[in-house]
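Trainee: What follows is a predicted protein model with its sequence.
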Amino acid sequence: MVNKNQWGTYLLAQQKVIDVDRADMLRYEETLPMLSTPKVTVLVCFERELVYLIITFMSSAGMREDELLELLNQEKNDHLLYPVFRNDEDLCLKRTLYNDPDMDCEALMTIIELGLSQLLNGSYNKFNELKHRVVS
Amino acid sequence: MVTLKDFASQLKPEERIPEYENDPDTFFYKELLPLDDAGLQEVPVLLSLMEDGADVILIAFGPNIRDFPRAKVLTLLDTYTLRTPFYSFFVKNEMVFMSMVLNNTAQMAVDDVRSNLQLGLNILLGELWPELCALVASGQAAN
């Protein structure tokens, strides 16, 4: 089981940049140099027996609504473990976990890294292409 | 920790779909949800485990949206995906699907998995679907 204080200490030891620190949640930045917008934010929220992860990776501003909705739907089809959705204009991945007694900071980070690898392995590029298509 | 074998062994005969129980990694069964008129609604569910058994994945088959405006459907499903922690809602083959992923903790039991799924189905069939029907009806009235 991980609590917010342990998680904060772990992130600092990993030299992660924490940008929001509230009672039950921490948000920090991950840098993924291979992306065109290399900074994504990871929100980890601790609430009773649950841990919520939300990775915000891009703004959907400027994307065509019909194409965006179809891509969000397709990504939900393809990636059941880390569904993609829109929160206001932000595009995010989520995962909810039971904060089980075996959970530690390393295990939590591994689960975040799996979500980040979904982004690196294609999800990010698909949305980026939509954005680029409108701009061009 | 839940295994497919545990799960299958706790199903009632009327919930089983025997022709789909031979696959070692995945199987179908039926959730039987009570209706207001005391009848039962059958919802087919596909259950699978990640290879290492760390996650339980369930996909429930929901209503058909063939005659609904697609953008409204997709927007609402996305809103519900944002709102509900364990669930994701999407369209495939003109049907609404709900997926649920649970980490298969040492304490996890078959009843926990099913009660979580039933909560999700109550959201899908008791909230999302009526909201979608109302949205479509109001659109038709406006036209």
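Mentor: Sure, I can see it.
Trainee: Quick check: mean pLDDT of the helix or strand in which B:Leu32 is found?
Mentor: Using DSSP states H and E, the element containing B:Leu32 is strand B:26-34. When pLDDT is averaged along strand B:26-34, the result is 93.
Trainee: Using the three-state scheme, assign B:Glu131.
Mentor: What DSSP: H, G, I helix; E, B strand; the rest coil gives for B:Glu131 is helix.
Trainee: My guess is it contacts B:Val73. True?
Mentor: No - with contact defined as C-beta atoms under 8 Å, B:Glu131 does not reach B:Val73; the gap is 10.9 Å. (Glycine included, C-beta is placed from N, CA and C.)
Trainee: what about the worst-scoring helix or strand of chain B on mean pLDDT, near chain A?
Mentor: Taking mean pLDDT, DSSP states H and E as the measure, the helix or strand of chain B with the lowest value is helix B:129-142, at a mean of 84. No - Helix B:129-142 lies out of reach of chain A by C-beta under 8 Å from any C-beta of the partner chain, never closer than 14.2 Å.
Trainee: can you list contacts of that helix?
Mentor: Outside helix B:129-142, the residues within contact range by C-beta atoms under 8 Å, 6 or more residues apart in numbering or on different chains are B:Gly62, B:Pro63, B:Ile65, B:Phe68, B:Pro69, B:Lys72, B:Val73, B:Leu76, B:Val96.
Trainee: ok now do the fifth one, which residues does it touch?
Mentor: Residues in contact with B:Pro69 (C-beta under 8 Å, 6+ apart) are B:Val136, B:Gly139.
Trainee: phi, psi of it?
Mentor: phi -70, psi 120 (degrees, to the nearest 10).
Trainee: Give me the local confidence score for it.
Mentor: pLDDT at B:Pro69 comes out at 93.
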